[in-house]
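1. below: sequence and its predicted model.
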Amino acid sequence: MALLDSQVTTQVTEFFAGLQDPVTIQWYRGPDADTAQTFKDLVNEVADLSDLIMVQEATQEPVLEPGHSGTETITGPIGELLDKDGHRTGIRFVGLPSGHEFGTLLEAIKAVSTHTTGLSAAAEASLAAIQKPVHIQVFTTPT
């Protein structure tokens, strides 16, 4: 059963028209099989809309972000975007990228593929001035 209807499929295909470089969605299943299958189906449907998007299932559990004690376990799927050279971009989706997060997934794929952020020149210059690693997390919720 398709998760994306024909209208959404058309819109996403048009949105991906400007992609330049390949992007891989590498995903880890986690122990929640129902959610994992939906995640897999969704990212495969997205990948089917552009020859520049690939999907790869990871067999190893991903490393948790800084700040975790190390005793936590991953319960659901995690998707991470890899650039054209297979390098991690640091863009990660924990759980299903549905609802508001679906648009964020699409924007992230486009940003990795086109090497553009949509930030102003001043914002990019400020970020370029940062000299040490910074861990940034963005959480989204529909409420």
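-> Thanks, I have the structure now.
2. show me where this structure has its strands.
-> Per DSSP state E, the chain carries strands over the ranges 23-28, 53-58, 78-82, 88-94.
3. tell me which of these sits most buried.
-> When you average the neighbours per residue for each of those (mean count of other CB atoms under 10 Å), strand 23-28 leads with a mean of 22. Every C-beta, even on glycine, is put in place using the N, C-alpha and C of the backbone.
4. chain center to it, what's the gap?
-> Chain-centre distance of strand 23-28: 7 Å, with CA atoms, centre = their mean, to the nearest Å.
5. can you list the strands that that strand pairs with?
-> strand 53-58 (parallel), strand 78-82 (antiparallel) (DSSP bridges).
6. what's the spacing between the first one and its chain's center?
-> What it means is strand 53-58. Taking the mean of its C-alpha atoms, strand 53-58 sits 11 Å from the chain's own mean (CA atoms, centre = their mean).
7. for the shortest one, same thing?
-> For strand 78-82, the distance from its own C-alpha centre to the chain's C-alpha centre is 5 Å (CA atoms, centre = their mean).
8. mean confidence score for that strand?
-> Averaged across strand 78-82, the pLDDT comes to 94.
9. swap in the longest one?
-> Strand 53-58 shows an average pLDDT of 96 in the prediction.
10. contacts for that strand?
-> For strand 53-58, contacts defined as CB atoms under 8 Å, 6 or more residues apart in numbering pick out 16, 19, 22-29, 40, 43-44, 46-47, 80, 82, 109.
11. which residues of the protein fall in helices?
-> Ranges of helices in the chain, per DSSP state H, are 6-15, 33-47, 100-114, 121-128.
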